[in-house]
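Colleague: Predicted model follows, preceded by the sequence.
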Number of protein chains: 2
Amino acid sequence: MKEYSQSKINRIKRGQNRATYDVDTINTILDAGFIGFVSYTYEGTAISIPMAYGRKDNKIYLHSSQGNRMLLSLLEVGKMSMTVMHLDALVLARSGLHHSVNYRSVTLFGSVKKIEENQEKSGALECFMNHMIEGRWDEIRPMHQQELDRTLVVEMTIETASAKIRDVGVNDEPEDESLPIWAGLVPLKQVAEYPISDTKLPENIAIPNHVLHYYETHQ
Amino acid sequence: MKEYSQSKINRIKRGQNRATYDVDTINTILDAGFIGFVSYTYEGTAISIPMAYGRKDNKIYLHSSQGNRMLLSLLEVGKMSMTVMHLDALVLARSGLHHSVNYRSVTLFGSVKKIEENQEKSGALECFMNHMIEGRWDEIRPMHQQELDRTLVVEMTIETASAKIRDVGVNDEPEDESLPIWAGLVPLKQVAEYPISDTKLPENIAIPNHVLHYYETHQ
């Protein structure tokens, strides 16, 4: 089992029984979604902005237009953190204190650099897009050079990380268990609805398999 | 229409057509969820951590154990920002550049203070819990004083904010529309599954109406 090293920045102090530093577990959580909350500091205030990401090995790819305030600021600083969370259930206890949620979350810390070389940039965007929906990249119109030039692509190298997972039932005080109060879980999940074709499509363009597959595997 | 004032910190520069500062719109986005990404700075690195929140008027309530590193740090600084996002669809275009997602996101900026007085603290926790699931607070075992003492309750006063919403279809280059490439939306939503009762419940404790209502209204 390969683990990220622990230091002050990523060590989980509260709820250590829910913490893990296992690389495979962290990658599985990262691959279960594609929206991360990237943090940066703007004039002394920490701000986080949701961004789509792709992952390959220990690299995270982000992109934006060339003028993006946050990514330019992170490139200047040379490092960033990003947090991803999936919400899995409401945990409704008999007491207020034991209310919780089931979830899987990851916080990553690492260095960032700008990708400038065309082929590397294109490869990063392919990773990014296929992370959102597997198989998409090969079906779309190839990028024009001008589009590639307008796009800022940032690569984060994950240096350390931690995950927290809560995936158990209600955990009330034993003396509360006989109370006439309902307790339990309400499972939550993100699902896809049936794809909606663009109204401007030429006739006879069917919904492709990679899109139907996404829909079917997100139920 | 009441709006938050705009300044450098909350003004949206990229995608201004998707931006709004309207207070009601921002509150509606906040009330559609209960997980926010709270940002803070730890030894020079901006980090965001997902936390459950409640909202009442222009106040956001957070809580944790008394030793929570992030909330204690924010109380020391006296201000914070929090971001909330709901993902609504994949937007699959004919070109890579026009791929996007439909979403509703809000970033809040404001001052924070600790709530110490018992009744005010309890009121904040009631707001917090009913924001997660309406009607829950009145059905649970009242808090013990010791539990209240162990809980750190933080009130954020929203001073300014901005929202970004994308809720339209595919927006390809006109010259790409005749290409034999499928484009369209894959709607996404978070749904509840049927509640799962705790195995330790006394007999004859039925799933209460407020829980069934939550389930029925999250489909």
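Modeller: Arrived safely. Numbers count the residues shown, from 1 in each chain, chains lettered A, B, ... in the order given.
Colleague: Show the pLDDT at A:Lys189.
Modeller: The confidence metric pLDDT takes the value 97 at A:Lys189.
Colleague: List the contacts of it.
Modeller: The contact partners of A:Lys189, taken as Cβ atoms under 8 Å, 6 or more residues apart in numbering or on different chains, are A:88, B:190-191, B:193. Where you see a C-beta, it was placed from the backbone N, CA and C, and this is true even at glycine.
Colleague: Please, where are all the helices along chain A?
Modeller: Using DSSP state H, the helices assigned to chain A run over residues A:23-31, A:69-77, A:118-132, A:145-150, A:209-216.
Colleague: Point to the helix or strand of chain A where mean pLDDT is at its lowest.
Modeller: Ranked by mean pLDDT, DSSP states H and E, the weakest helix or strand in chain A is strand A:19-20, scoring a mean of 91.
Colleague: need the helices of chain A in TSV with mean pLDDT, can you?
Modeller: Output for the helices of chain A, formatted as TSV (pLDDT from 0 to 100):
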stretch	mean pLDDT
helix A:23-31	98
helix A:69-77	94
helix A:118-132	96
helix A:145-150	96
helix A:209-216	98
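Colleague: hey, C-alpha coordinates of stretch A:54-71 in PDB?
Modeller: Listed next in PDB are the C-alpha coordinates belonging to stretch A:54-71 (Å, rounded to 0.1, in the frame of the first residue of the first chain):
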ATOM      1  CA  GLY A  54      -8.500  15.700 -15.200                       C
ATOM      2  CA  ARG A  55      -6.100  13.300 -13.500                       C
ATOM      3  CA  LYS A  56      -3.300  11.100 -14.900                       C
ATOM      4  CA  ASP A  57      -1.000   9.300 -12.300                       C
ATOM      5  CA  ASN A  58       0.000  12.000  -9.900                       C
ATOM      6  CA  LYS A  59      -0.800  14.900 -12.200                       C
ATOM      7  CA  ILE A  60      -3.900  17.100 -12.200                       C
ATOM      8  CA  TYR A  61      -4.800  19.200 -15.300                       C
ATOM      9  CA  LEU A  62      -6.700  22.400 -15.200                       C
ATOM     10  CA  HIS A  63      -7.400  24.900 -18.000                       C
ATOM     11  CA  SER A  64      -8.900  28.300 -18.600                       C
ATOM     12  CA  SER A  65      -8.600  31.300 -20.800                       C
ATOM     13  CA  GLN A  66      -5.100  32.900 -20.700                       C
ATOM     14  CA  GLY A  67      -6.300  35.700 -18.400                       C
ATOM     15  CA  ASN A  68      -7.700  33.700 -15.600                       C
ATOM     16  CA  ARG A  69      -6.900  35.500 -12.300                       C
ATOM     17  CA  MET A  70      -6.700  32.500 -10.100                       C
ATOM     18  CA  LEU A  71      -4.600  30.200 -12.400                       C
END
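Colleague: buried stuff in that stretch?
Modeller: By neighbour count, with 16 or more other Cβ atoms under 10 Å in any protein chain shown as the criterion, the buried positions of stretch A:54-71 are A:54-55, A:58, A:60-64, A:68, A:70-71.
Colleague: outside of that stretch, which residues touch it?
Modeller: Stretch A:54-71 has contacts (Cβ under 8 Å, 6+ apart) with A:27, A:30-31, A:34, A:36, A:38, A:40, A:42, A:47, A:49, A:51-53, A:82, A:108, A:110, A:124-125, A:127-132, A:150-158, B:13-14.
Colleague: All set, thanks.
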